[in-house]
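Undergrad: Give me the fold of what follows.
(one chain, ligands or ions: 2)
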Amino acid sequence: MELKFYNTLTRALETFKSVKEGEAGLYTCGPTVYNFAHIGNFRAYVFEDLLHRTLAYAGYKVKQVMNLTDVDDKTIRNSRAAGVPLRDFTATYKQAFFEDIKTLNISPAAVYPAATDHIKEMIAMIQVLMDKGIAYQSEDKSIYFSIEKFPEYGKLAHIDRDNQRAGVRIDADEYAKDSVADFALWKARDEADGDVWWPSPWGEGRPGWHIECSAMSMKYLGETFDLHTGGVDNMFPHHEDEIAQSESVTGKKWVNYWLHCEHLMVDNTKMSKSLGNFYTLRDLLDKGYTGREVRWVLIGTHYRKKLNFSLSALDQARETLGKFSSFFARMKEITAAGDGSEAAAAVEQASAAFRTAIADDLNSAGATAALFALVREGNRLADTGALTSAGAAKILDCCRDFDRIFGCLDVDAAPVAEEFPAEVVAMAEERSAARKNKNWAESDRLRDAIKAAGYLVEDAPGGVWKLKKL
Ligand code: AMP
Ligand code: ZN
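TA: Ligands and ions are numbered 1, 2, ... in the order given. Model prediction:
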């Protein structure tokens, strides 16, 4: 199965070819553990999961590495504001993150390296940059990367060299494109860092954010690997700086394919913690929504398109997933005998459409359309009485196969027992008793009363009855 991805580095759709045959190395910038992740962040992680699952579906042995940023400007700022030591402060949010990705059925990465466990590797990289004369120490003892020494600086975010202010320094982890400058690799210990510091050949201090990802990715995936991802806001400066550091150290191309997902928006504005316009996953669970519903909304829009988030989209997801569940239950109830050939064409078509869609730059919306088509056709065959149990089994197998990517259909989940209002159940019981006594007038009256309450009562042999919502 040939996969095509839109590579940010070349701004072109490219056929994926891995460094090692049959294996795919994937680095995904993980959470900065200073707060609960919001669902904008989860849009990025679910997109990365879709990529991971698609590579696995296509037969690659996937090695995904997702780092945990547990030391940077934001984690230090918030832990100090809370008066909690950095390690304890970030531990809370690391744990919350793992709970949340489980709720969203995100397939686990092979390794989740934490920045504070890799200071040694970062120092070693900075040392190479110092030895090569690419990094330098400023008056305040911090170490900076000289962008002038890396002629390809700006190749990912497409920054004009004319706009680069070589020799001007910036020490913040996050900064805008109009302040392109030499960036900090190692920040000398200062007042604002409190007791967060490590010894280094250049004095006490802590790493800059960008060097963390360079050091951790190369440790686990090697000097050149296949894919690196994140949200579009990570493209500059984070990923640009990661490339500059990594390629300056090794002299080799670092990453072959860069994939970036667009933002999750609220009222046409990026969902972000600093703007306060966010929902955490927990906020949505508190409102009664489920991880499956959130996941379905997040995968419903192609990752390179902006996704406007609303609660009504979650309501719609509930309805859609409910329809799928009823469909799976219906397929399981089909008992007619036969070889199942009546379903073969529908399954083949849906399967081909699904594979074409996901192989085309993770076209999840197209994959969804293939599922809808299969459900429509399955229902049509069942309506006409043409569907056999073997045919229904083929359809269900195809849905199970699709769920290797969707991860939220739950084809084999136990059907949720529907709850009916007590007075409706009481009327149904009375009606059943009336029928036993051949009191047809009373039985009809109760049937109408049940209907007026919004339910349908159906009879099965042996005096058994079943309620359905109208
Ligand atoms: P952070 O914890 O801020 O480093 O962000 C973690 C990931 O979430 C990064 O890949 C960001 O690019 C991504 N991200 C942040 N906000 C959004 C958003 N509104 N929509 C999509 N991705 C986002
Ligand atoms: Zn990163």
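
Undergrad: quick one: the helices in the chain?
TA: Remark: helices assigned in the chain by DSSP state H are 39-57, 73-82, 86-103, 119-131, 209-221, 240-250, 281-286, 291-299, 311-333, 344-359, 364-383, 389-406, 422-436, 440-452.

Undergrad: ok, of these, where does mean pLDDT dip lowest?
TA: Comparing mean pLDDT across the helices of the chain, the weakest is helix 422-436, with a mean of 89.

Undergrad: So which elements touch it?
TA: In terms of contacts (3 or more Cβ pairs under 8 Å, 6 or more residues apart in numbering; DSSP states H and E), helix 422-436 is packed against helix 440-452, strand 455-460, strand 464-469. For every residue, glycine as well, the C-beta is placed using N, CA and C.

Undergrad: between these, which one is nearest to Gly378?
TA: strand 464-469 (19.8 Å; Cβ to Cβ).

Undergrad: List the buried residues in that closest one.
TA: Residues of strand 464-469 classed as buried: Leu467 (neighbour count, 16 or more other Cβ atoms under 10 Å).

Undergrad: Can you check which of the helices of the chain gets nearest to ligand 2?
TA: helix 209-221 (3.2 Å; Cβ to the ion).

Undergrad: For that closest one, name the packing helices and strands.
TA: Counting contacts by 3+ Cβ pairs under 8 Å, 6+ apart, helix 209-221 packs against strand 23-28, strand 61-66, helix 119-131, strand 181-188, helix 240-250.

Undergrad: Check whether it comes near ligand 2.
TA: Yes: in terms of Cβ under 5 Å from the ion, part of helix 209-221 sits within range of ligand 2, namely Cys213.

Undergrad: quick check: angle from that helix to helix 73-82?
TA: When axes from the mean of the first three to the mean of the last three Cα atoms, to 10 degrees is applied, the directions of helix 209-221 and helix 73-82 differ by 110 degrees.

Undergrad: Does helix 209-221 reach ligand 1?
TA: No: counting by Cβ under 6 Å from any ligand atom, ligand 1 is not contacted by helix 209-221; separation bottoms out at 8.6 Å.

Undergrad: The helices and strands packed on helix 209-221 into TSV, with extra columns for mean neighbour count and distance to Trp202?
TA: Putting these into TSV (neighbours: other Cβ atoms under 10 Å; distance: least, Cβ to Cβ, whole Å) gives the following:
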stretch	mean neighbour count	distance to Trp202
strand 23-28	24	27
strand 61-66	21	27
helix 119-131	18	8
strand 181-188	24	6
helix 240-250	24	16
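
Undergrad: Any chance of JSON lines for those, columns distance to Ser443?
TA: Formatted as JSON lines, those follow (distance: least, Cβ to Cβ, whole Å):
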{"stretch": "strand 23-28", "distance to Ser443": "62"}
{"stretch": "strand 61-66", "distance to Ser443": "61"}
{"stretch": "helix 119-131", "distance to Ser443": "78"}
{"stretch": "strand 181-188", "distance to Ser443": "80"}
{"stretch": "helix 240-250", "distance to Ser443": "74"}
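
Undergrad: among the ones you listed, which is nearest Ala110?
TA: strand 61-66 (4.9 Å).

Undergrad: Which residues does the closest one contact?
TA: Contacts to strand 61-66, defined as Cβ atoms under 8 Å, 6 or more residues apart in numbering, come from residues 22-30, 48, 52, 55-56, 109-113, 216-217, 220-221.

Undergrad: Now, of those residues, which are buried?
TA: For those, a burial check counting by 16+ other Cβ under 10 Å picks out 24-30, 48, 52, 55-56, 109, 112-113, 216-217, 220-221.

Undergrad: What parts of the stretch 101-250 of the chain come near ligand 2?
TA: Counting by Cβ under 5 Å from the ion, the stretch 101-250 of the chain comes close to ligand 2 at Cys213.

Undergrad: tally of neighbours for Asp162?
TA: Residues near Asp162, counting by other Cβ atoms under 10 Å, number 5.

Undergrad: Please name the residues that touch it.
TA: Residues in contact with Asp162 (Cβ under 8 Å, 6+ apart): none are found.

Undergrad: what about it, distance to Val168?
TA: The gap separating Asp162 from Val168 is 14 Å, by Cβ to Cβ, to the nearest Å.

Undergrad: swap in Arg318?
TA: Distance from Arg318 to Val168, by Cβ to Cβ: 52 Å.

Undergrad: likewise Glu152?
TA: Distance from Glu152 to Val168, by Cβ to Cβ: 19 Å.

Undergrad: do Gln127 as well
TA: Distance from Gln127 to Val168, by Cβ to Cβ: 24 Å.

Undergrad: go on, Ala192?
TA: To Val168, Ala192 is 21 Å away according to Cβ to Cβ.

Undergrad: What of His158?
TA: Look at His158 and Val168: by Cβ to Cβ, they are 20 Å apart.

Undergrad: which residues does the closest residue to ligand 2 within the stretch 301-450 of the chain contact?
TA: Closest to ligand 2 within the stretch 301-450 of the chain is Tyr303: 17.6 Å, counting by Cβ to the ion. Listed by Cβ under 8 Å, 6+ apart, the contact partners of Tyr303 are Phe47, Leu50, Leu259, Cys261, Glu262, Leu362, Ser364.

Undergrad: Tell me the residues of this structure that contact ligand 1?
TA: The chain has residues 29, 31-32, 40-41, 43-44, 230-231, 233-234, 261, 263-264, 270-272 near ligand 1, with proximity defined as Cβ under 6 Å from any ligand atom.

Undergrad: if we go to 5 Å?
TA: Contact residues, the chain versus ligand 1 (Cβ under 5 Å from any ligand atom): 31-32, 40-41, 43-44, 230-231, 233-234, 263-264, 270-271.

Undergrad: Give me the buried entries from those residues.
TA: Applying 16+ other Cβ under 10 Å to the residues of the chain next to ligand 1 flags 31-32, 40-41, 43-44, 230-231, 234, 263-264, 270-271 as buried.

Undergrad: Just send those back as JSON lines, with distance to Ala422 too.
TA: Converted to JSON lines, these look like this (distance: Cβ to Cβ, whole Å):
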{"residue": "Pro31", "distance to Ala422": "45"}
{"residue": "Thr32", "distance to Ala422": "50"}
{"residue": "Gly40", "distance to Ala422": "42"}
{"residue": "Asn41", "distance to Ala422": "43"}
{"residue": "Arg43", "distance to Ala422": "42"}
{"residue": "Ala44", "distance to Ala422": "45"}
{"residue": "Gly230", "distance to Ala422": "52"}
{"residue": "Gly231", "distance to Ala422": "49"}
{"residue": "Asn234", "distance to Ala422": "53"}
{"residue": "His263", "distance to Ala422": "47"}
{"residue": "Leu264", "distance to Ala422": "41"}
{"residue": "Lys270", "distance to Ala422": "47"}
{"residue": "Met271", "distance to Ala422": "42"}
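
Undergrad: What is the nearest of those residues to Ala181?
TA: Asn234 (18.3 Å).

Undergrad: Apart from its neighbours in sequence, what residue is nearest that closest one?
TA: Distances taken as Cβ to Cβ, 6 or more residues apart in numbering put Cys29 closest to Asn234, at 5.7 Å, once the chain neighbours are dropped.
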